[in-house]
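> Pasted the sequence and its predicted model underneath.
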Amino acid sequence: LKNSQRLSTGTLATLAGVVAAIATRQGQAAQSLIMGGQAANATAALAYSRDYEREADRIGVTALAGAGYPPEAMASVLHILAEKQTQTTQDLAFLSTHPLGIERQSDLDARVAQMQDPRDGQPVLSPTDFQLFRCIQTEGLEFPTGKQATQSCSEIHALLADYRSERYEQALNQFDQLPDAVRQTFSGLDLEIALTLQTGDFDRSREAIETIALFFPSWVQPTIAAVDLAIAEADAKLPRALREQLVQRPERLDLWRALARFAQAFKQDHLLFEARSWDALLHGKLEAAKMQMVRAQEVWPKTVDSRPLDLLKDAIKQTETL
């Protein structure tokens, strides 16, 4: 938007003239306009948008590789796009807000060639852990005719069906019958926490949380689980780790949702309004975020540290300047 505000009336007129000339096949007229003094500004405006698209490609392929997926997949998509574009008219390619597909593909191929193969590193999840995670994610999905979930997935899906039906003891018994190698994975420990919180076996919950925190110290899941454990045990003291994580990683919506659950469980309105303000802010609802912040300020206890409010104010101000 800021870039578009810098476009002069003459620049916009030049762009309109080029479009009209090309659309009516007046190539000479279009060329004259392009060679005019204002064409540089016009092309700069379009180049600005194309640069953003190239940056999006770079971020996308980096994120794809970082998640453990082959970045070549993204290059394949751009290859298809490039082939489609060769079948269409090139008259308006000059005015496209996106780089040509062949340009994006070439640029991405060069980036992929320089990237380290993610398969060379150690995966975060073991094959057993990934299989269990996959089973959890495919719960309720219909498989194509002639295919079905693996036997291990069938067991997990049955366990989850009992959990959804609030047959927690039965689900936990099924979980305990799984092989140790499955139960000791990250996904297995995550399942154990969910089940034992419902059955009231809080010592097992706490042990599983501590195990995840030991092997995955930078992950937020143990902190969120600790909040749910505090709620289950009716412990109205907010886990210190949650507030520390909120300061370090305020962009994590799941942390704010955990704070909201805690606030609702123990009727702590100041925390609830704080969490709702961040929730709205992270969803781009600036006015709603401001309103919830005001409500948090109104009920914030004088005996409670107000630095969380300062962090929220700064985040809202920063968003307003964007």
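Received, thanks. Numbering: from 1, shown residues only.

> pLDDT weak spots in the protein?
1-50, 67-68, 85-101, 116-123, 142-152 (pLDDT under 70).

> sec struct for the nearest residue to residue 73 once chain neighbours are set aside, please.
In space, and not counting its chain neighbours, residue 73 is closest to residue 64: 7.1 Å by CB to CB, 6 or more residues apart in numbering. (C-beta placed from N, C-alpha, C; glycine too.) What DSSP: H, G, I helix; E, B strand; the rest coil gives for residue 64 is helix.

> was I right about residue 64 contacting residue 74?
Yes: under the criterion of CB atoms under 8 Å, residue 64 makes contact with residue 74 at 5.7 Å.

> In the stretch 51-200 of the chain, what residue spans correspond to helices?
Taking DSSP state H, counting those that start in this stretch to define them, one finds helices in the stretch 51-200 of the chain at 72-86, 101-114, 127-137, 151-164, 168-176, 180-183, 186-199.

> Out of those, indicate the one that is most buried.
Most buried of the helices of the stretch 51-200 of the chain by mean neighbour count (mean count of other CB atoms under 10 Å) is helix 186-199; its value is a mean of 21.

> State the distance from residue 319 to residue 260.
Residue 319 sits 20 Å away from residue 260, going by CB to CB, to the nearest Å.

> now residue 182
Residue 182 sits at a distance of 32 Å from residue 260 (criterion: CB to CB).

> again, but for residue 112
In this view, residue 112 and residue 260 are 41 Å apart by CB to CB.

> Next: residue 171.
For residue 171, the distance to residue 260 equals 26 Å [CB to CB].

> again, but for residue 184
31 Å.

> Could you pull out the helices in the stretch 201-322 of the chain for me?
202-215, 221-232, 240-248, 253-265, 269-282, 286-299, 307-320.

> Any idea which of those helices gets closest to residue 126?
For residue 126, the closest of those is helix 202-215, at 11.2 Å, according to CB to CB.

> what packs against the closest one?
Applying 3 or more CB pairs under 8 Å, 6 or more residues apart in numbering; DSSP states H and E, one finds that helix 202-215 contacts helix 186-199, helix 221-232.

> Residue 249 is nearest to which of those?
Checking these against residue 249 by CB to CB gives helix 221-232 as the closest, at 9.8 Å.

> Return the list of helices and strands in contact with that closest one.
Using 3+ CB pairs under 8 Å, 6+ apart: helix 221-232 touches helix 186-199, helix 202-215, helix 240-248, helix 253-265.

> what's the most buried one of these?
Mean neighbours per residue, mean count of other CB under 10 Å, is largest over the helices and strands packed on helix 221-232 for helix 186-199, with a mean of 21.

> I'd like the distance between the residue nearest to residue 231 when sequence neighbours are not counted and residue 259.
With CB to CB, 6+ apart as the criterion, residue 231 has its nearest non-adjacent residue at 4.6 Å, and that residue is residue 265. Residue 265 sits 11 Å away from residue 259, taking CB to CB as the criterion.

> and if you look at residue 235?
15 Å.

> what's the nearest residue to residue 188 if we skip its chain neighbours?
Using CB to CB, 6+ apart, the closest residue to residue 188 is residue 182 (5.4 Å).

> Could I get the contacting residues of residue 246?
252, 255-256, 259, 308 (CB atoms under 8 Å, 6 or more residues apart in numbering).

> try residue 204
Contacts for residue 204 were tallied using CB under 8 Å, 6+ apart; they are 192, 196.

> tell me, how many neighbours does residue 232 end up with?
Counted by other CB atoms under 10 Å, the residues lying close to residue 232 total 15.

> For the residue nearest to it when sequence neighbours are not counted, give its distance to residue 208.
Spatial nearest neighbour of residue 232, excluding adjacent residues (CB to CB, 6+ apart): residue 197 at 5.0 Å. In this structure, residue 197 and residue 208 are 10 Å apart, going by CB to CB.
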